[in-house]
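Student: starting from these lines, generate the structure:
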Amino acid sequence: MLRRKPTAIAITAEDLAAFEDARLRKLANENNGHDRSRNNFNASFDPSDELKPLPGDKARIVRSREER
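Tutor: Numbering: from 1, shown residues only. Have a look, this model is predicted:
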């Protein structure tokens, strides 16, 4: 079987700088979006909701053997 030479990739400092800038911009945009949604979430959040059961969760009735 014939093999060809491996492909060499050269990454320059400019490539790294462009990548880091793009990554930082993306992270900044994501963080800005999360801050806005977090503020909206806190405005409508009721701490007592944590104690309430969800509508789909029904209390399980535990019966003894004689009651069944």
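
Student: what distance do you get for Gly33 to Glu50?
Tutor: To Glu50, Gly33 is 25 Å away according to C-beta to C-beta, to the nearest Å. In short, each C-beta sits where N, CA and C put it, glycine included.

Student: more neighbours: which of these two?
Tutor: Gly33 (10 against 7; other C-beta atoms under 10 Å).

Student: and the pLDDT at that one?
Tutor: Here, the pLDDT recorded for Gly33 equals 71.

Student: now it: how far from Lys26?
Tutor: 11 Å.

Student: likewise Glu67?
Tutor: 60 Å.

Student: tell me which of those two has more neighbours.
Tutor: Applying other C-beta under 10 Å to Glu67 and Lys26 shows that Lys26 carries more neighbours, namely 10 against 7.

Student: in which helix or strand would I find the more buried one?
Tutor: helix 13-43 (DSSP states H and E).

Student: low-confidence stretches in the chain?
Tutor: For the chain, the stretches with pLDDT under 70 are 1, 34-43, 49, 51-62.

Student: let's see it at 50
Tutor: For the chain, no stretch is flagged by pLDDT under 50.

Student: how many neighbours does Ile9 have?
Tutor: Ile9: 6 neighbours (other C-beta under 10 Å).

Student: what strand or helix carries it?
Tutor: Applying DSSP H and E, one finds Ile9 in no helix or strand.

Student: how far away is it from Asn31?
Tutor: Taken as C-beta to C-beta, the span from Ile9 to Asn31 is 31 Å.

Student: also Ser44?
Tutor: Ser44 is 21 Å from Asn31, by C-beta to C-beta.

Student: neighbour count: those two, which is higher?
Tutor: Taking neighbours as other C-beta under 10 Å, Ser44 and Asn31 compare with Asn31 leading, 10 against 6.

Student: how close does the more buried one sit to Arg25?
Tutor: Computed as C-beta to C-beta, the Asn31 to Arg25 distance reads 11 Å.

Student: anything in contact with each of those two?
Tutor: Shared contacts of Asn31 and Arg25 (C-beta atoms under 8 Å, 6 or more residues apart in numbering): none.

Student: what about stretch 3-11, how long is it end to end?
Tutor: End-to-end span of stretch 3-11 (C-alpha to C-alpha, to the nearest Å): 25 Å.
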